[in-house]
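In: Build me a structure from this.
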Amino acid sequence: MRENRLRTLWKSGGAAVNGWLAIPNSFSAETMAHQGWDSLTIDLQHGVVDYQAMVPMLQAISTTHTVPVVRVPWLEPGILMKTLDAGAYGVICPMVNTREDAQRLVAYTHYAPRGTRSFGPVRALLYGGADYPQHANDTIVTFAMIETAQALDNLDDILSVEGLDAVYIGPSDLSLALGCRPVFDDVDPPVEQAIAHILERAKAHGLVAGIHNGRPDVALARIAKGFQFVTVSSDARLMAAGAQQMLAAMRAAPAPAASSSSTY
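Out: From the prediction side, this is the model:
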C-alpha cells in the first residue's frame, strides 16, 4: 500500500506543513499540490466544497506526493466512509466533545474488527494500491478536532481512545467557546493556555497535535512548542493576498508619462 507520508514524517520527529483548500476546483488543488505542501486538506465543513467537487480535487492532489486530507462536515458515518473510499489518507472531524464521540470516530474510520467501516474503497484502491484493505487501518490518519469547552472538560477521556491518531485545534471555535475573540493567531490568554494544555495532554497520550494558523511566524513558533501538523492560510486567502500585494504595488507606482506623438 502507498505509504502515508504524514506517518513517516511524524515518526522521524518532523512537523507537517499543511495547506487548506476552500476553492472547489481541481486545477487550483493541483496547482497548490505542486508547490510542495506536505499535505493538503479539502474543507467540506465550511465554505463551498461538496463531495462531487472533492473527488476531482483528490485526483489532482494525486499527481504529487502531497498527502490528501479531508475535513468532513460532521461526525457522521456516511460522509466519513465515502471520504475514505474516495482516497483520503487522513480525515479531520469537527466538534469531538466526548469519549463516545471519539470512539464513534475511530469506529467509522476503521474496518472490522477495530471498527465498523463498511467495505467499498472504490477509488482508495486506485490511490492506495491493491492491498489497501489489508493496511488501511494502520495507514489512514484520524484527527479529532478539540474546539469546545466540553471537549476540554473531557480531554483525557477523548485522548485515551485507542485508534485515535491526532488532535486538531480550531483556534477560532475554541476562542468563541471560551468567550474570547475568534482568531487564529494572536489568541487571548485563556485560549493560549487551553492550546498549551491540549498540546501537553496530546503528547502525554502519544498523539500528534495539529493546529490552524494564519501566519507562518505563528506556525513556526507552534512547531517549536511541539505541534507536528500546522495549517498555514488557505488557497483562497493566498490568492487574495497575492492579488492585494500586486495591486498595492501597481497603485503605489507613479503614473507613466504620456507618450508624445504628432498627428499630421
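In: hey, let's count contacts and neighbours off CA atoms from now on
Out: Will do.
In: Give me the pLDDT for Ala253.
Out: At Ala253 the predicted local distance difference test score is 86.
In: Would you mark the buried spots in stretch 34-43?
Out: Buried residues in stretch 34-43, counted by 16 or more other CA atoms under 10 Å: Trp37, Asp38, Ser39, Leu40, Thr41, Ile42, Asp43.
In: whoops, stretch 44-53 was the one
Out: By neighbour count on 16+ other CA under 10 Å, the buried set for stretch 44-53 is Leu44, Gln45, Val49, Asp50, Ala53.
In: what about it, start to end distance?
Out: With CA to CA, to the nearest Å as the measure, the first residue of stretch 44-53 is 10 Å from its last.
In: returning to that earlier point: and the buried residues of stretch 44-53, which two are furthest apart?
Out: Maximum pairwise distance among the buried residues of stretch 44-53 (CA to CA): 13.3 Å, between Gln45 and Ala53.
In: Next, count neighbours for Ala209.
Out: 27 (other CA atoms under 10 Å).
In: name the helices or strands packed onto the helix or strand where it lies?
Out: Take DSSP states H and E as the rule and Ala209 turns out to sit in strand 208-213. Using 3 or more CA pairs under 8 Å, 6 or more residues apart in numbering; DSSP states H and E, the elements in contact with strand 208-213 are strand 166-169, helix 189-204, strand 229-232.
In: Let me know the next secondary structure element after that strand.
Out: Next along the chain after strand 208-213, taking DSSP H and E as the criterion, comes helix 216-225.
In: Pull out the buried residues from stretch 196-213.
Out: 198-203, 207-213.
In: quick one: which of these is nearest to Leu6?
Out: Ranked by distance to Leu6 (CA to CA), these are led by Val208 at 10.4 Å.
In: The closest one and Phe229: what is the separation?
Out: When CA to CA is the yardstick, Val208 and Phe229 sit 8 Å from each other.
In: Nearest to the middle of this protein, which residue? Look it up for me.
Out: Most central in the chain under CA atoms, centre = their mean is Thr41, positioned 4.2 Å from the mean C-alpha point.
In: Dihedrals phi and psi, that residue?
Out: In terms of degrees, to the nearest 10, the main-chain angles of Thr41 are phi -110, psi 120.
In: Hmm, it is touching Ile61, no?
Out: No: with contact taken as CA atoms under 8 Å, Thr41 and Ile61 are classed as non-touching, separated by 10.1 Å.
In: Asp173: what's it in contact with?
Out: Taking CA atoms under 8 Å, 6 or more residues apart in numbering as the definition of contact, the neighbours of Asp173 are Glu147, Thr148, Pro182.
In: which residue ranges form the strands in the chain?
Out: With strands called from DSSP state E, the chain shows them at 16-21, 39-43, 67-71, 90-93, 141-146, 166-169, 208-213, 229-232.
In: Low-confidence ranges, the stretch 51-200 of the chain, go.
Out: When residues are selected by pLDDT under 70, none of them lie in the stretch 51-200 of the chain.
In: mind checking how far the residue nearest to Ala151 when sequence neighbours are not counted is from Gln103?
Out: Distance criterion CA to CA, 6 or more residues apart in numbering; nearest residue to Ala151, sequence neighbours excluded, is Asn97 at 4.1 Å. To Gln103, Asn97 is 11 Å away according to CA to CA.
In: ok, for Gly214, nearest residue in space, not its chain neighbours?
Out: Ser233 (4.9 Å).
In: Tell me the confidence at that neighbour?
Out: For Ser233, the model assigns a pLDDT of 93.
In: How many residues are close by it?
Out: The burial count assigned to Ser233 is 18, neighbours taken as other CA under 10 Å.
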